[in-house]
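Participant: next input, structure requested:
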Amino acid sequence: MPSFDQNLLFVGGIQILILLLAISVHEAAHAWTALRQGDATAAELGRVTLNPLRHLDPVGSLLLPLLLVFAGGPVFGWARPTPVDARKLRDPRRDLLRVTAAGPLSNLLLSAAAAAVLAVVVRLLGPEAREVAYLSLLRDIEAASALPHFPLMFTLVQVAFLNGFLAVFNLIPIPPLDGGQILLQILPPDWARRVAAVRPFGFMIVLALAMLNVLSLLVLPIYVALSLIINL
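Facilitator: Residues are numbered from 1 along each chain as shown. The predicted structure follows:
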């Protein structure tokens, strides 16, 4: 376990703040899109906001991220699901797809925006910024923190990386993840019923995939894309 020093405090704090931003953007996008399509359920509960207090899940938003910080691993987590009443949507089948897809899409857009800013900043600040960005991506915090521009580059890399990962992760076609919900909406009814039966075991399946290192395959394209952007 890493020692509790200034770098750990900074890195852990930044990662948790970015996670809270990412999950707030994700859930607010669900709520805002539902409101646009006629369902004000989440809006009436104050969920169309980037205020993380409206979206916090005690385990997924606080306990798990803190444990991951002290374990020295990448920070990850989730928020409370946004309530949607499909009966209030103008076209339930079409609009539910839009509401579900809005969460991952919002994270993807935020990741792309951070990556674009990262590319510009690297070009402006030169080789040292490129090196510290690359070391931050590889999570070599000891080496990265000894170089100039570390706080800025680490933050940009983490915003791009974490939001990209959340977008891809949530599109895994296993209920209750967004990808699983999309799958349920596009499959024929008998197939959808079979897939829906997996819902109570969805997070256990995802946990098993994580323990088997299958989820690392989702991280690889994000690492590759950000490496290319940093080295442009």
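Participant: packing partners of the helix ranked longest in the chain?
Facilitator: When the chain is scanned for its longest helix (criterion: DSSP state H), the result is helix 92-125. Counting contacts by 3 or more CB pairs under 8 Å, 6 or more residues apart in numbering; DSSP states H and E, helix 92-125 packs against helix 6-36, helix 127-137, helix 150-170, helix 178-186, helix 216-230. For the C-beta atoms, the positions are set from N, CA and C on the backbone; glycine is no exception.
Participant: low-confidence stretches in the chain?
Facilitator: 1-6, 73 (pLDDT under 70).
Participant: and the residue nearest the centre of it?
Facilitator: L166 (2.5 Å; CA atoms, centre = their mean).
Participant: from A40, how far off is the nearest residue to that residue once chain neighbours are set aside?
Facilitator: Among residues not flanking L166 along the chain, N107 sits closest, at 4.6 Å (CB to CB, 6 or more residues apart in numbering). Relative to A40, N107 is positioned 24 Å away (CB to CB, to the nearest Å).
Participant: again with A160
Facilitator: Taken as CB to CB, the span from A160 to A40 is 33 Å.
Participant: state the helix or strand in which the residue of the chain most remote from its centre lies.
Facilitator: If you look at how far each residue of the chain sits from its centre, by CA atoms, centre = their mean, the farthest one is D190, at 31.3 Å. If you go by DSSP states H and E, D190 is part of helix 189-196.
Participant: specify the angle between that helix and helix 178-186 in degrees.
Facilitator: 160 degrees (axes from the mean of the first three to the mean of the last three CA atoms, to 10 degrees).
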